[in-house]
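[1] Sequence below, structure please.
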Amino acid sequence: MSDRAFELAKNIKLLVLDVDGVLTDGGLYYGDNGLAMKRFNVQDGLGIKLAQAVGLEIGVISGLDQKPVANRVNELGIKHYYAGKHKKVPLLKEICEKVGVELSEAAFMGDDWIDIAPCAVPEWLWLYPMDSRRLSKSQIGFQPVPAARGQCAKRLVLFSRPGVCWMKP
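    Residues are numbered from 1 along each chain as shown. Below you'll find the model as predicted:
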C-alpha cells in the first residue's frame, strides 16, 4: 500500500459504502416469487459494528432500492442510507456535511462505473474490490480482495485508532 494511502486512512472519520459488489458478491438473486435476495458477509457486519463502536461513521449508497439491503442497513444501525441513487458524489458531500467531517476525512468503497466519480475527487480515499472497474491499477495502492468475502471488514482495520480497543473485555 502506498504511503499516501496510509496517510489518508489515518484521518478517516466517515466510510461510505456501495452495496452490490462491495457488501455483496454483486449477483442479483430472485426467488420464484420475484423477491430479491442478497448474500452479505458476517465479517463485514462485525467489522462495521466494531468500527461504529470506536466512532467511525458509516454510510451506504446503493444504485438499487431493495428490501434486503434496507433490512441489512437497519440491522447494522447505519444511519446514512440512500437507496436507488446513481449520482453518488452529491450524496457523499451531503453525508460529510451531516456528519460534520471534511472531504479529506471521508473514504468511499465502490466497484462499478457509477462509483468511479467519487474517486476522481482527490480529497477522498477510494477503496475497491479486486474485480472492480477502476481508472488505473495504481489508483490508491490498496491491495484489493474479492467482493463479499469480508473485504469491507479487512479495510476497516485501516481506520482503527491507536490505543483504542475494538472490543470491550
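[2] Flag the helix or strand of the protein with the lowest per-element mean pLDDT.
    In the chain, no helix or strand scores lower on mean pLDDT, DSSP states H and E than helix 116-119, which sits at a mean of 62.
[3] what pairs with the helix or strand just after that one, and is each one parallel or antiparallel?
    Sequence order places strand 125-127 as the next helix or strand after helix 116-119, per DSSP states H and E. Paired neighbours of strand 125-127 in the sheet (DSSP bridges): strand 106-109 (parallel).
[4] For the partner strand, C-alpha coordinates in PDB please.
    Only the C-alpha atoms of strand 106-109 are listed here, as PDB (Å, rounded to 0.1, in the frame of the first residue of the first chain):
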ATOM      1  CA  ALA A 106     -14.100  10.600   4.200                       C
ATOM      2  CA  ALA A 107     -13.500   7.300   2.300                       C
ATOM      3  CA  PHE A 108     -15.600   5.600  -0.300                       C
ATOM      4  CA  MET A 109     -15.700   1.900  -1.300                       C
END
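[5] Measure how buried residue 65 is and give me the count.
    12 (other C-beta atoms under 10 Å). Where C-beta positions appear, they are placed from N, C-alpha and C, glycine not excepted.
[6] from memory it sits against residue 83, does it?
    Yes - counting by C-beta atoms under 8 Å, residue 65 touches residue 83, with 3.9 Å between them.
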